[in-house]
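1. Next comes the sequence, and after it the predicted model I'd like to discuss.
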Amino acid sequence: MAATADAPPLQFTPYAYTPTVKFLGINVGGTILQRPAEYLNALTSYLHQNAWSIVFLILGGYLVKVKVLDPMHEKYRKARSYREATDPNRVASLQTDMRRVRLAQQEEAAKRSREAEEEARKKKAEEKDKKRIKHPIEERGG
């Protein structure tokens, strides 16, 4: 079919045509540079329309986490820790270790007590020797 005199002739250039295929309101058939720009426009449009809803949802989620979830998690963690600490198998294995450590502590304390007693005895003997009146012969050395 020939072009009429009043209409310009149609020219086909392969890069001028961009198909319009929309999916969820976004042109998915555009060129490589069109798609990111359209996604960005759609995202900013969505954020502008729903900004307060998003803010309140984030605030509500934070409050639920702080006021409900964190205390529940802490309570569960403490209960689990107590359950593990009072487990009869674990307590039985720790009893032998505790007895061994207490025996070593008792021996160490007895050793320190004996050393302190010996030190006190030596100190008392030195004090007694200082207080004693020496005989004149002892003073001359002979």
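-> Sure thing, it's come through. Numbers count the residues shown, from 1 in each chain.
2. So, low pLDDT: which residues of this protein?
-> For the chain, residues meeting the criterion pLDDT under 70 lie at 1-5, 7-34, 139-142.
3. For it, which segments count as helices?
-> 34-49, 51-64, 70-85, 88-131, 136-140 (DSSP state H).
4. Format those helices as CSV; extra columns: distance to residue 6 and mean neighbour count.
-> (Each C-beta comes from the backbone N, C-alpha and C, glycine too.) Output for the helices of the chain, formatted as CSV (distance: least, Cβ to Cβ, whole Å; neighbours: other Cβ atoms under 10 Å):
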stretch, distance to residue 6, mean neighbour count
helix 34-49, 33, 12
helix 51-64, 51, 10
helix 70-85, 76, 10
helix 88-131, 97, 10
helix 136-140, 149, 8
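5. quick one: residue 98 from residue 91, how far?
-> Residue 98 sits 10 Å away from residue 91, going by Cβ to Cβ, to the nearest Å.
6. repeat for residue 37
-> Using Cβ to Cβ, residue 37 is found at 67 Å from residue 91.
7. Need the overlap of contacts for residue 98 and residue 91.
-> Counting by Cβ atoms under 8 Å, 6 or more residues apart in numbering, residue 98 and residue 91 have no common neighbour.
8. And residue 101, how far from residue 108?
-> Counting by Cβ to Cβ, the gap from residue 101 to residue 108 is 11 Å.
9. just residue 102 next, same as before
-> Using Cβ to Cβ, residue 102 is found at 11 Å from residue 108.
10. same question, residue 92
-> From residue 92 across to residue 108, the span is 26 Å (Cβ to Cβ).
11. Same question for residue 79.
-> Separation of residue 79 from residue 108 (Cβ to Cβ): 37 Å.
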